[in-house]
Structure formats: C-alpha cells, structure tokens
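Student: next one to model:
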Amino acid sequence: AWLKFDEYSVKEPYRPYYAIACQHLGCTLPQLKNLKQIRASNLLVRTHPTTQSALLVDVVIQNHADFEQPFPKLTLVFSDIQNTVVASRTFLPSEYLGGDLAGKHLMPSQKAIHLSLELVDPGKGAVSYKITMSE
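Tutor: I've put the predicted structure just below:
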C-alpha cells in the first residue's frame with residue numbers, strides 16, 4: 001500500500017484509509033485532480049467595447065467533479081480558414097481569477113464560474129477559436 005501511495009491515495013475506496021494512516025504517520029494526501037471533469041461552455045469572443053485592436057472573451061468554466069480541484073490553465077487558440085493556428089494565449093489562474101475568487105487555488109465543485117478575458121485581436125485571418133485546459 002505504501003509503494004502505491006501516489007496511485008491509490010487518490011482513488012476510492014482507498015483514499016479514506018490513506019487519510020486515517022496519514023493522520024498517524026504525518027503524511028499529506030495528494031490533491032484530487034481530474035481535468036476531464038472541468039468543462040468550458042458559452043465561449044463568446046467579441047470586439048472589445050472600449051479598447052481598439054482588442055477582444056473580450058467570455059467563458060463559463062465548471063468543475064463537475066465531486067471534489068474541489070486546482071484551477072486549470074486556460075489556452076485560447078485562434079485558427080485561420082485552413083485550421084492553422086494564427087495566435088494563442090495561455091492564461092494562468094492568477095491572470096483570469098478576480099473578485100471573490102482572486103488568489104484562490106481550488107476550484108469549487110459544481111459551481112459555474114463566469115470569466116472575462118481581454119487580449120490583443122489576432123486579426124482578420126483568425127476565423128475560428130477554441131479554449132483548452134491543462135494543469
């Protein structure tokens with residue numbers, strides 16, 4: 001069980017037993033993570049209303065897991081008509097979190113989080129866009 005600590009301590013039904021053992025042994029359980037349970041929806045890219053040559057991106061992210069987990073990095077990718085990447089930008093949680101969530105590290109479970117991102121307009125050649133998440 002100790003040799004497989006990293007693997008089994010994040011899985012049910014083993015995690016509660018590792019939690020008890022760690023209370024007595026002074027170890028720390030690893031943070032639960034499942035990036036596949038975080039989904040982005042309602043992605044909208046539009047011209048920035050007040051800044052020239054800029055875009056305003058709105059997106060909702062939600063952690064569908066039953067546990068809190070670290071906020072992901074968000075990468076916005078713009079492509080041309082041939083699906084060639086013309087621009088991309090990765091946002092760290094410290095760059096996209098504001099308000100009550102500023103400085104937080106763990107994404108709450110089952111809570112929709114609306115984000116607004118500002119970035120330089122990649123130009124007329126960017127005809128499609130997508131957002132991806134990573135650790």
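Student: and the residue sitting furthest away from the middle of the chain, backbone torsions?
Tutor: Farthest-out residue of the chain from its mean C-alpha position, per C-alpha atoms, centre = their mean: residue 24, at 33.6 Å. With angles defined as degrees, to the nearest 10, residue 24 sits at phi -90, psi -30.
Student: what about it, distance to residue 18?
Tutor: Distance, residue 24 to residue 18, using C-beta to C-beta, to the nearest Å: 11 Å. The way it works is simple: take the backbone N, C-alpha and C, and place the C-beta from them, glycine included.
Student: if we can go back for a sec, so who does the residue farthest from the centre of the chain touch?
Tutor: By C-beta atoms under 8 Å, 6 or more residues apart in numbering, the contact set of residue 24 is empty.
Student: can you get me a residue count around the nearest residue in space to residue 105 that is not next to it in sequence?
Tutor: Distances taken as C-beta to C-beta, 6 or more residues apart in numbering place residue 70 nearest to residue 105, at 6.0 Å, with adjacent residues excluded. By other C-beta atoms under 10 Å, 17 other residues sit near residue 70.
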